[in-house]
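Asker: prediction below, plus the sequence it came from.
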Amino acid sequence: MATYPSTLGAAPKSFFLSNSLFNISLGTATPSRISSVKAAGECWTKHPAWTNVRQERWEGHLAVEGHLPTWLNGTYLRNGPGLWEVGDHSSHHIFDGYATLVRISFRRGCATGAHRQVESDAYKAARAHGRPLHREFSQLCPSEPGTLLDRVRDVVGLASGTLLTDNANVSVLPLGDGRVLCLTEATKGSVLIDPETLDTIGKFRYADRLWGLLQSAHPVVTGNELLTLLPDMFRRGHRVVRMAAGSNERKMVGRVHCRGGQAPGWVHSFAVTEKYIVVPEMPLRYSLAGVLKSQMTPWYLFDWLPESGSYMHAICRFTGKTVASVEVPPFMALHFINAYEQGDAIIADCCEYYADPSVIKALALRRLRSPGMNNDAFPDVRVARFSIPLDGTLMGELETVLDPEVHGRGVEMPSINPAYQGKEYRYVYACSARRPCNFLNCLTKIDLGEKEAKNWHELGSVPSEPFFVARPGGSDEDDGVVISIVSTMEGDGYALLLDAMTFQEIARVRLPYGLPYGFHGCWIPENV
Ligand SMILES: [Fe+2]
């Protein structure tokens, strides 16, 4: 088994695992399972899910417990924040962490793996200076402005984009042409990586004139194109654009005009049907005043303005024309699951927080690391279904799809069989909850037809997004496996493979140590 310590050199000694509070030691891990809630709470402060990645890079063979399917040949990649402490600086929010890529490659029943930091400009600058120099999610500017000139300099830096981060820590996705892209919501945070070595190849350069500092970090990628949104602060809306596989040029599909407030609603993800692009407008809106004053709001970059209304928009994928713009009940959603056409309506499903934005605050690192202070504080979330009429009706509907108790009132980081994207579907795989908890601690398979769920849970474990991989040639929607990277309170980590049909465990692929929590993954089949 090969190991690779930092190869970049010049890192300050205090850069890695700089805060001893968050160091973990496998040598002192308790061998037997800790069963008491009190003990779990004590271990949680050092849980690898919220602890800096142990080293900058690692690569090697992985031991397999159980049996990997012989058809599972390809590479699973996952992106997410993995380093929150730099020098004496400690990040406030999970979204602030510098991107850590994880690779697990499967071939003929064996597995190899790697993790490595994405070498963004923001990461390299922080590494060189021992503190962040770019704006991350919960940090408006690199330092508290001291004078009016500082404030003006910061505002200019944010408006021009020079101070924005390129820390591409949200998603990783294949473009359909062999290239693999890591993204965050700043447009400059579009970074090409090598899916085998995890090398950072460089910035993705958009070959168009579609100016804009922000983008969706959750594009919808089909076999031949990428669809995404570019928020437009000045015209209060979103440009909907597409980029063909093999191209660097985005082209306008159409424009969505937001209807409430002074600024567009935050869109972390959106959905597509076979004909339409569905754009949500929730009352968590970008805070223009916050940017202009160089100040954080109580909701970081956003304002929560329920009185500004909630809306759902749909435009035609082919003509760009708006086909629906309806008011809906108040909602708060980070992730859309899927959407499809049904009669004279569009159905769009999402993980919805009962119109409560507090999940943003629940993801502060202090709260994640202190379950005793934050007992059962992860907000309730449900599978919610929008019905967006296409017949000119002005109001849309929003309903709970199934009893949230069956998934512990937790459902986030959803995935589906990609063959069903934009089509009527039945199964959702997601992180869920066993209460009390201050973060999602289960995996669930939800049957939207039967309105029931199967759950996987181990005490003290934090599983990340369960990513569905279809069996080649399979015909059933749930014929495949689900892959999730799990970190345990004992400091261990492994990739969990569940049979997607039964939701029973079929294998664990042991990682050398527990890894920090990650966000979103992708699958690259071996023959691509
Ligand atoms: Fe996301």
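Answerer: Perfect, thanks for sending it.

Asker: shaky segments in the stretch 201-350 of the chain?
Answerer: 293-294 (pLDDT under 70).

Asker: all the helices of it, residue numbers only.
Answerer: Using DSSP state H, counting those that start in this stretch, the helices found in the stretch 201-350 of the chain span residues 288-293.

Asker: and the chain, by the same measure?
Answerer: Ranges of helices in the chain, per DSSP state H, are 37-44, 121-129, 148-160, 288-293, 359-362, 365-368.

Asker: pull the helix or strand with minimum mean pLDDT from the protein.
Answerer: When the helices and strands of the chain are scored by mean pLDDT, DSSP states H and E, helix 37-44 comes last with a mean of 44.

Asker: for residue 23, give me the pLDDT.
Answerer: On pLDDT, residue 23 comes in at 28.

Asker: got a list of what residue 131 touches?
Answerer: Residues in contact with residue 131 (C-beta atoms under 8 Å, 6 or more residues apart in numbering) are 86, 87, 88, 89, 142. C-beta: built from backbone N, CA, C; applies to glycine.

Asker: distance of it relative to residue 360?
Answerer: 24 Å (C-beta to C-beta, to the nearest Å).

Asker: what's the answer for residue 254, then?
Answerer: Distance from residue 254 to residue 360, by C-beta to C-beta: 29 Å.

Asker: more neighbours: which of the two?
Answerer: residue 360 (24 against 19; other C-beta atoms under 10 Å).

Asker: leaving out sequence neighbours, find the closest residue to that one.
Answerer: Leaving aside its sequence neighbours, residue 360 sits nearest to residue 299 (C-beta to C-beta, 6 or more residues apart in numbering; 6.0 Å).

Asker: I figured the one you found hits residue 357, correct?
Answerer: Yes: applying C-beta atoms under 8 Å as the test, residue 299 and residue 357 come out as touching, 6.0 Å apart.

Asker: between those two, which one's more packed in?
Answerer: residue 357 (22 against 18).

Asker: list the contacts of that one.
Answerer: Residue 357 touches 284, 299, 302, 304, 332, counting by C-beta under 8 Å, 6+ apart.

Asker: which of those count as buried?
Answerer: 284, 299, 302, 304, 332 (16 or more other C-beta atoms under 10 Å).

Asker: wait, which of the residues you listed is closest to residue 204?
Answerer: residue 302 (26.1 Å; C-beta to C-beta).

Asker: show me what that closest one is bridged to.
Answerer: residue 286, residue 299 (DSSP bridges).

Asker: hmm, residue 304 is touching residue 286, no?
Answerer: No: taking C-beta under 8 Å as the definition, residue 304 is not a contact partner of residue 286, at 11.7 Å.

Asker: if I look at residue 315, how far off is residue 229?
Answerer: 11 Å.

Asker: between the two, which contacts overlap?
Answerer: 240, 256, 279.

Asker: so can I have JSON lines of those showing distance to residue 519 and neighbour count?
Answerer: Putting the shared contacts of residue 315 and residue 229 into JSON lines (distance: C-beta to C-beta, whole Å; neighbours: other C-beta atoms under 10 Å) gives the following:
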{"residue": "240", "distance to residue 519": "23", "neighbour count": "23"}
{"residue": "256", "distance to residue 519": "25", "neighbour count": "29"}
{"residue": "279", "distance to residue 519": "21", "neighbour count": "29"}
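
Asker: just give me the closest of those residues to residue 353.
Answerer: Nearest to residue 353 among the shared contacts of residue 315 and residue 229: residue 279, at 18.7 Å, using C-beta to C-beta.

Asker: ok, now which ones touch the closest one?
Answerer: Counting by C-beta under 8 Å, 6+ apart, residue 279 has contacts 229, 238, 240, 256, 267, 270, 312, 313, 314, 315.

Asker: one more time with 7 Å, if that's ok
Answerer: With contacts defined as C-beta atoms under 7 Å, 6 or more residues apart in numbering, the neighbours of residue 279 are 229, 238, 256, 267, 270, 313.

Asker: quick check, nearest of those residues to residue 517?
Answerer: When the contacts of residue 279 are compared against residue 517 (criterion: C-beta to C-beta), the nearest one is residue 267, at 22.7 Å.

Asker: you'd agree that closest one is up against residue 238?
Answerer: Yes: assessed by C-beta atoms under 7 Å, residue 267 is found in contact with residue 238 at 6.5 Å.

Asker: give me the common contacts of the two.
Answerer: What both residue 267 and residue 238 touch, as defined by C-beta under 7 Å, 6+ apart, is the set 229, 279.

Asker: which one of those two is surrounded by more residues?
Answerer: Ranked by neighbour count (other C-beta under 10 Å), residue 267 and residue 238 place residue 238 first, with 30 against 24.

Asker: show me what stretch 111-128 is in contact with.
Answerer: Everything outside stretch 111-128 that qualifies as a contact, by C-beta under 7 Å, 6+ apart, is 10-11, 15, 53, 56-62, 64, 68, 83, 86, 98-105, 132-134, 165-168, 182, 189, 191, 193, 198, 200, 509, 511, 515.

Asker: would a markdown table of the buried ones among the contacts of residue 357 with distance to residue 72 be doable?
Answerer: Formatted as a markdown table, the buried ones among the contacts of residue 357 follow (distance: C-beta to C-beta, whole Å):
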| residue | distance to residue 72 |
| --- | --- |
| 284 | 39 |
| 299 | 41 |
| 302 | 40 |
| 304 | 43 |
| 332 | 36 |
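
Asker: out of those, the closest to residue 93 would be?
Answerer: Residue 93 has its nearest neighbour among these in residue 299, at 11.6 Å by C-beta to C-beta.

Asker: residue 193 against residue 202, yeah?
Answerer: No: with contact defined as C-beta under 7 Å, residue 193 does not reach residue 202; the gap is 9.4 Å.

Asker: beta partners of residue 272?
Answerer: Beta-bridge partners, per DSSP bridges, of residue 272: residue 277.

Asker: need the contact list for it.
Answerer: 220, 227, 278, 317, 339, 422 are the contacts of residue 272 under C-beta under 7 Å, 6+ apart.

Asker: residue 320 versus that one, what's the distance?
Answerer: For residue 272 relative to residue 320 (C-beta to C-beta), the value is 13 Å.

Asker: what do you get for residue 46?
Answerer: In terms of C-beta to C-beta, residue 46 sits 51 Å off from residue 320.

Asker: can you check residue 209 too?
Answerer: In terms of C-beta to C-beta, residue 209 sits 18 Å off from residue 320.

Asker: between those two, which is the more surrounded one?
Answerer: Higher neighbour count among residue 209 and residue 320: residue 320, with 15 against 7, using other C-beta under 10 Å.

Asker: which residues touch residue 509?
Answerer: Contacts of residue 509 by C-beta under 7 Å, 6+ apart are 62, 64, 104, 111, 494, 495.
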